[in-house]
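**Student:** sequence plus the predicted model coming up.
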2 protein chains.
Amino acid sequence: MTAPFDVLAEPTRRRILDLLLERPRPVAELTEALGLTQPGTSKHLRVLREAGLVRVRAEAQRRWYELRPEPLAEIDAWLRPYRRLWERSLDALERHLDSMPDDGPGDAPAGPSRRTGDDS
Amino acid sequence: MTAPFDVLAEPTRRRILDLLLERPRPVAELTEALGLTQPGTSKHLRVLREAGLVRVRAEAQRRWYELRPEPLAEIDAWLRPYRRLWERSLDALERHLDSMPDDGPGDAPAGPSRRTGDDS
DNA sequence: TCTCTATATGCCTTGAAGCGTATATAGCTG
DNA sequence: CAGCTATATACGCTTCAAGGCATATAGAGA
């Protein structure tokens, strides 16, 4: 679990993923798009590869890097219990139409009152 | 701004957020739960505070830290374009990653079960 | 005011991460 | 094989964050 967050802390690597989200690309293309040196790009790709965030497909000397989104699902999973905290404005309405949730109109995440969720 | 990703790269800080997800807590309680020294805890809290991930409420000498989930929405936003990559064809993996009670209408292998607000 | 409690800050050391330059590896071409 | 292309690794430098210890700040109470 440490891995994906750690790896994505680097803005350049997030940018690489953004580029690969569009389509697989060879190293040289990424290098140019990022404005890095080629070794620099390769090193970031190595980190991403070891974290399982990208995959390589070899074509002659060219290496096509492509996205492997599975580790991102890990982040998504960590994020999930929090998500309702900011989606509540929408969800609350949704649930309100269905049934009455716990706390009323107040929306401050603070507050001395426990709000240990009754989720599920 | 030190991006939320940067801040969350630290496992200890993610743990702090997990603890604060349950309820607001004073520093001493976090310190004990984390097994850190008090200054160490305070430093992590400072980073979290400066990133807007937590908020402090003063009560006498006690400082109650509480979650501020907004920056997490930033991560969520970054994640959004990727999410469909595993929600479409690989959401079995996601279900495997967190074997938590699925609240939604369940698992349509061909249908996005969560909110479908992917497009922006 | 002195003291105790709760938390924050400063200083220092250590280790890791990023970047660049130089070099190694692998495959193609003639 | 030589030489070229595309990418990877090694090495050194520098910056920076994390942890520990000591200490400063702030409020409460006698």
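**Tutor:** That came through, no problem.
**Student:** and stretch A:24-38 with DNA strand D, contact?
**Tutor:** Yes - for stretch A:24-38, a contact with DNA strand D is found by CB under 7 Å from any atom of the strand, at A:26-28, A:31, A:38. Where C-beta positions appear, they are placed from N, C-alpha and C, glycine not excepted.
**Student:** check stretch A:57-77 too.
**Tutor:** Yes - applying CB under 7 Å from any atom of the strand, one finds stretch A:57-77 in contact with DNA strand D at A:61-63.
**Student:** which of the residues you listed has the weakest pLDDT?
**Tutor:** Lowest pLDDT of the residues of stretch A:57-77 next to DNA strand D: A:Gln61, 93.
**Student:** what is the burial count for that residue?
**Tutor:** 7 (other CB atoms under 10 Å in any protein chain shown).
**Student:** next one: A:Ala28
**Tutor:** A count of nearby residues for A:Ala28, using other CB under 10 Å, gives 12.
**Student:** and if you look at the one 3 residues further on?
**Tutor:** A:Thr31 sits with 18 neighbouring residues when counted by other CB under 10 Å.
**Student:** tell me if I'm right that it and A:Lys43 touch.
**Tutor:** No - between A:Thr31 and A:Lys43 there is no contact under CB atoms under 8 Å: 11.3 Å.
**Student:** wait, a helix at A:Tyr65?
**Tutor:** No - secondary structure of A:Tyr65 (DSSP: H, G, I helix; E, B strand; the rest coil): strand, not part of a helix.
**Student:** ok, now which ones touch A:Arg15?
**Tutor:** Counting by CB atoms under 8 Å, 6 or more residues apart in numbering or on different chains, A:Arg15 touches A:Leu34.
**Student:** so what's the residue nearest in space to the middle of chain A up against?
**Tutor:** Among the residues of chain A, A:Leu72 comes closest to the average C-alpha position under CA atoms, centre = their mean, at 4.8 Å. By CB under 8 Å, 6+ apart, the contact set of A:Leu72 is A:4, A:53, B:79, B:82-83, B:85-86.
**Student:** rewinding a little: out of the residues of stretch A:57-77 next to DNA strand D, which is nearest to B:Arg13?
**Tutor:** A:Arg63 (34.6 Å; CB to CB).
**Student:** next, the residue lying closest to the closest one once chain neighbours are set aside: phi, psi?
**Tutor:** Leaving out its chain neighbours, the residue that sits closest to A:Arg63 by CB to CB, 6 or more residues apart in numbering or on different chains is A:Val56, at 5.0 Å. Main-chain dihedrals, A:Val56, degrees, to the nearest 10: phi -110, psi 140.
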